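> got a predicted structure here, sequence first:
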Amino acid sequence: MGNLALEVRYALRERVVIASLVLAFAMASYAVITGKLEVDEQRSEISTLVRETESDQDHVLGQQPDAGGAAYYVHHVTYQPPSALAFAALGSRGELPWQHRVRMLALEGQIYETDAGNPALSRLGRLDFAFLTSVLLPLILILLLYDLDGRERRDGRYELLSATSASKGSPFFVKAGARTLLLFAASATPFAVMAAFVSAPLGPSLVVAAVVALHLCFWLVICRLVAVRFTQASSSATVLLAGWLLFSMAVPAAARIVVESSVPVPAGGELLLAQREAVNDAWDLPKADTMEPFVASHPEWRDHAEVTQPFEWKWYYAFQQMGDEFVASESAQLRAGITRRDNLMGVAALLSPPLATERWLTRLAATDRAHHQRYIQCVRGFHAALREFHYPMLFGASEYSPEKMAGLPKYQPCDE
Amino acid sequence: MMDKAAVVRIAREEWRFWLRSRTAVAAAAVVFILVITSLVSTAIRIETEREARLQLQAIAEETFRSQPARHPHRMIHYGHYVFRAPAPLATADPGVDPYTGTVMFLEGHKQNSATFSPRYTQADAGPYAFLSPALTYQLLVPLLLIVVGFACLARERETRTDQLVFTMAVNPGSFWLGKSLALAALAFATLVPLGFVAGNAWLQGENGWIALTFWLGYAVYLLCWVFLITACSVWSKRASTSLLALLACWMVLNVLLPRIASSAADAWAPLAGKVQSDLEIARELRDVGDGHNANDPSFAKLRAQLLAQYDVSSVEELPINFRGVVAEAAEEELTETLNRFADRRFDQELAQAELANAFSLLSPYLALKSFSITTASTNIGQHHLFLRSAEALRFSFVQSLNKVHAEVLTYADDVNRSVDQQSEQRTRVDAHHWRVLEDFDWEPASVSDRLSGSLPFFGMLLMWALAASILGWIGTSRGAWSQDG
Amino acid sequence: MNSSPPKPVLTAESLTVDRGGHQVLSGVEFSIAQGEIFALLGGNGAGKSTTLLTFLGFVTPTSGVARVNGQSVHEDIKAIHKQVAYLPEAANLYPHLNARENLDYFLSLAKADNSRARIDSALDMVGLAASARDRRLEAYSKGMRQKVGIALAILRDAPILLLDEPTSGLDPVAIDEFNSLVVALAGEGTTVLMVTHDVYGACQVARHIGLLQKGQMVGDFRASAGNPISADEVHRKFTESHL
């Protein structure tokens, strides 16, 4: 331990070390601060949305004479609030929508909007803490460690150092460990400060720090293994960079290709076309063609299912729901496929510590694909609740009155 | 004064050095394999998607036109789907394609947003899961050049072989130029596969000048790196210093700055979310009449005007279907509002993109990225063009159907259509009217727009190459070469 | 000897070099005639290599001039390099090339005849074994590398030879071989400036020795006809100047 403290002090005398630490600290601060700003922005957007949606609903409801119109014209807002740790890993929140505006029509036509942020910026990616730890910190560590032995060899101190080292282990391991420790401190401090500032839960925050430390340890070991085998600084740098490329780019890219070709998902466009046909064909078919299968899967409305007019609201909503049910299996396949792909990628991430780090951090921040899927499920649940609320009035089991609309379900984010 | 023969000989000798060094050969092999893999896999993916989307487009058009006789307004809600097919050069640089929706539902009274971006069904494979050819050239090839070339001059300086070379009456400028030439030759060797891709895009119907310019942009970008590397090597006393400096440069210019640019742009000019603008639109549209309701007071003026024009006293006496006229007028007014919001959104997105682009001055990587997607027309502007074309198509078929509604159907039939089945049958118009739907052929931006749009970025790349070469040149002629005794 | 003294080929005229406030050379003066072997002796950091590098134009003197055939070195470095062959310390050539490739490369840069026959005859002359010529220099001993270096100097056909510590680290046999080569070249009219810290080696070959200490010339020894310079005398002076 005494050795380590000494090496930390030695390391702090070097300009390159100081410069790298300052860089890491600055990047980490920038990452958590802009992450926090983005999360704040999203929170305030959510509260605006909720407020404006309510006033919009009040306005619309005031004009509706019947249950059908009330169900048709009222829009609801659904959203996935950012978690306390989202500032550290924005994950899919920049690429996939975390808010959807839905109404009582067929849900399948409404749930696949994907244009969330500005694609011109999504393309560049964000500098969030997760990116910093999974991609940049290893690079900085490589820059700090690749020349540790080589420099001593060139200056002819290598043998002397190895010979005079009191400890049993290699003196370079302690040197490298000291630098790794410093880099960890420089990058984790801004995170810790921000986590305390937003009073993020302690447990997950500690896990984040542990993930960062583990990832750095992995690279420390790699750097030492390479430095021992390759005596030339330039070859060890080349090998380490190749390793960095392999782990952060080649393995994830290859894994993605393998995973996506082995788990096919239904094409979204086909699903949408099929869903529209199912909904629209109903207009031209006898009403019974819609209502019979509807009643078969929803027997509770058997006694209210008779349609006499060319247009009746209950028939309209029945075929909307039948449209959803028509593509239910494709839709379920799509969801299952996405989940399966993501699970497989989680397995593949075992081969790539940077990817594992990134995925782990987004999971802790609840910004990974699984949480996005959970949000979509939550929207589906809310939509089902809407149907449950409106159907008694639409099918005439109970009378429509504007007062009853006060009980209109309000979207609540599902517990994570 | 340059000594051409010596420059070429120095370059050849550097190549011999690389070929005899195992790490250089291994690094080059790895990068070449990655380049080829990314080229092939991206080409296959994009081609598959293009075909799938074009096929779905054809199916969507065919389905719409083959619908049976119906009330025209039903067809407006039946709607139509458009699919965004990637541009030919998307095989080289997909640009924003993975982040933008590929399918759009067009219907009356609404501008839907695109759905199903390729990202939607992808597992999270980290920030570099998409190794497109563009990205390999932008990110990895410079890394190869660094690893191979960082010591090209510093090495000779460390062993003092440079002095021996100079005593052969070779001036330092020629020496530096020879090393730069060697590295440039390596850069151009890596560009050969990209040449095939550009050539293939040309055969696929891309404009030849665009394909050539695209390739040239990458060449100039790599030249920036060549000169940056030789400059760093000239100025460094030691090879290890040169490597450290170059890797730090690469990290800052290629990995850090782009992301700083994007989060800075987002923080400076935040973009209103989609739902938020939907709500604003809804509020604004309250004042526009509901086109489904001809009795909406908003249409009183229209009614009076029409009655006066045809000199009749009630809408029933009009020779045209008042409901259709109202639908047409309402759609026009509503579309105007929707377009205003859409334009605002486009402007905001462009403003953010431009803020991020401003960082191109600081990083040749960003300059090339902007250059590349502008030339390949896979940038945000191109996506906006798609959205605008889709909107134009939407407006055109909706209004054509409204016209049919106004001119082919009688008002009396229309009003009574919900009375019984027979009346409903009378409001169905013949299926040949569905032929009003135009084909969705969505052209990339014009060649001159793309070229002029990419010109500033090309200029920035040239500036970088020039600045780096001047830096290297100063290094050779200034005292950087002179040695301690 | 009654002919007029030969024209000096290399002259140092009160050479002064400052580096970071420290005078590396101060007022160094000497001149070397054609065909003469001049050895610049001195301890570590005496300024020997700086003097050599000044004649090569790699170091610019703060004041004073280094002249080659009467022309200031810094007026036209390229013209100087055409007349000068330089053998760097430890004969640093390219370790990844073999002897022939090294020579071929440097000769082609110098625009000299780089035919294989000519290269081989030079390697014969310096006595590099034929079997070694296609092996890379990384496998060479220091003496072998030195031979390639001297072969390069010979092949340059330069009238002036600048040698930096040419014999340090060589075994006695190699030193003897090297010395006789240098003497032979001087006999053909080549002017030689060598810097070294080897007093006895210098006295064996040089007809003229300058003693450099802390950037100043502190001794000047010339051999007279038939009498070589006395190594003991130089050695005494060398140690005295260090006291």
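Looks like it came in fine.

> let me know the secondary structure of B:Phe440.
Using DSSP: H, G, I helix; E, B strand; the rest coil, the three-state assignment for B:Phe440 comes out as coil.

> may I have the phi/psi pair for it?
Main-chain dihedrals, B:Phe440, degrees, to the nearest 10: phi -90, psi 90.

> show me what the helix or strand B:His405 falls within is packed up against.
Element membership of B:His405, judged by DSSP states H and E, is helix B:380-408. The contact analysis (3 or more Cβ pairs under 8 Å, 6 or more residues apart in numbering or on different chains; DSSP states H and E) places helix B:380-408 against helix A:119-122, helix B:72-78, strand B:80-83, strand B:103-107, helix B:322-358. (C-beta placed from N, C-alpha, C; glycine too.)

> what sits up against the helix or strand that it is followed by?
Per DSSP H and E, the first helix or strand lying C-terminal to helix B:380-408 is helix B:411-415. Contacts of helix B:411-415 from elsewhere in the structure, counted by Cβ atoms under 8 Å, 6 or more residues apart in numbering or on different chains, are B:315-316, B:318, B:320-324, B:405, B:423, B:426-427.

> how about these in a markdown table, adding pLDDT?
Output for these, formatted as a markdown table (pLDDT from 0 to 100):
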| residue | pLDDT |
| --- | --- |
| B:Val315 | 83 |
| B:Glu316 | 85 |
| B:Leu318 | 85 |
| B:Ile320 | 88 |
| B:Asn321 | 88 |
| B:Phe322 | 88 |
| B:Arg323 | 87 |
| B:Gly324 | 88 |
| B:His405 | 89 |
| B:Ser423 | 79 |
| B:Arg426 | 82 |
| B:Thr427 | 83 |
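
> quick check, nearest of those to C:Leu52?
B:His405 (98.5 Å; Cβ to Cβ).

> quick check: the residue lying closest to that closest one once chain neighbours are set aside vs A:Met405, distance?
Leaving out its chain neighbours, the residue that sits closest to B:His405 by Cβ to Cβ, 6 or more residues apart in numbering or on different chains is B:Gly324, at 3.3 Å. Distance of B:Gly324 to A:Met405, computed by Cβ to Cβ, to the nearest Å: 33 Å.

> compare those two (neighbour count), which wins?
B:Gly324 (24 against 21; other Cβ atoms under 10 Å in any protein chain shown).

> on that earlier part again, quick check, nearest of the contacts of helix B:411-415 to chain C?
Using Cβ to the nearest Cβ, B:His405 comes nearest to chain C of those, at 82.9 Å.

> quick one, what contacts that closest one?
B:71-73, B:321, B:323-324, B:327-328, B:414.

> same thing with A:Pro97?
A:Pro97 neighbours (Cβ under 8 Å, 6+ apart): A:113-116, B:274.

> minimum pLDDT in these, which residue is that?
Ranked by pLDDT, the contacts of A:Pro97 bottom out at A:Asp115, which has 65.

> show me where chain C has its strands.
In chain C, the strands defined using DSSP state E lie at C:8-19, C:22-33, C:37-42, C:63-68, C:71-72, C:84-87, C:160-164, C:191-196, C:208-213, C:216-222.

> wait, which of these is closest to chain B?
So among the strands of chain C, strand C:84-87 is nearest, using Cβ to the nearest Cβ, at 4.3 Å.

> contacts for that closest one next, please.
Contacts of strand C:84-87 (Cβ under 8 Å, 6+ apart): B:163-164, B:167, C:52, C:55-56, C:68, C:146, C:149-150, C:152-154, C:156, C:158, C:160-164, C:166.

> so A:Ala11 sits against A:Arg179, correct?
Yes: if you go by Cβ atoms under 8 Å, A:Ala11 and A:Arg179 touch, sitting 5.3 Å apart.

> overlap of the contact sets of these two?
Common neighbours of A:Ala11 and A:Arg179 (Cβ under 8 Å, 6+ apart) are A:Val17.

> between the two, point out the one with more neighbours.
Each of A:Ala11 and A:Arg179 has its neighbours counted (other Cβ under 10 Å); A:Arg179 has more, 27 against 21.

> any idea how far chain C is from the closest residue to that one other than its chain neighbours?
Nearest non-adjacent residue to A:Arg179, counting by Cβ to Cβ, 6+ apart: A:Leu144, 4.8 Å away. Distance of A:Leu144 to chain C, computed by Cβ to the nearest Cβ, to the nearest Å: 29 Å.

> only C-alpha atoms, please: export the helix or strand harbouring A:Leu144 in CSV.
Assigned by DSSP H and E, A:Leu144 belongs to helix A:137-145. The C-alpha trace of helix A:137-145 is given here as CSV (Å, rounded to 0.1, in the frame of the first residue of the first chain):
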residue,chain,number,x,y,z
LEU,A,137,-11.3,5.8,-20.6
PRO,A,138,-9.7,2.7,-22.0
LEU,A,139,-8.0,4.8,-24.7
ILE,A,140,-6.6,7.2,-22.1
LEU,A,141,-5.5,4.4,-20.0
ILE,A,142,-3.7,2.8,-23.0
LEU,A,143,-2.0,6.2,-23.6
LEU,A,144,-0.9,6.3,-20.0
LEU,A,145,0.4,2.7,-19.8
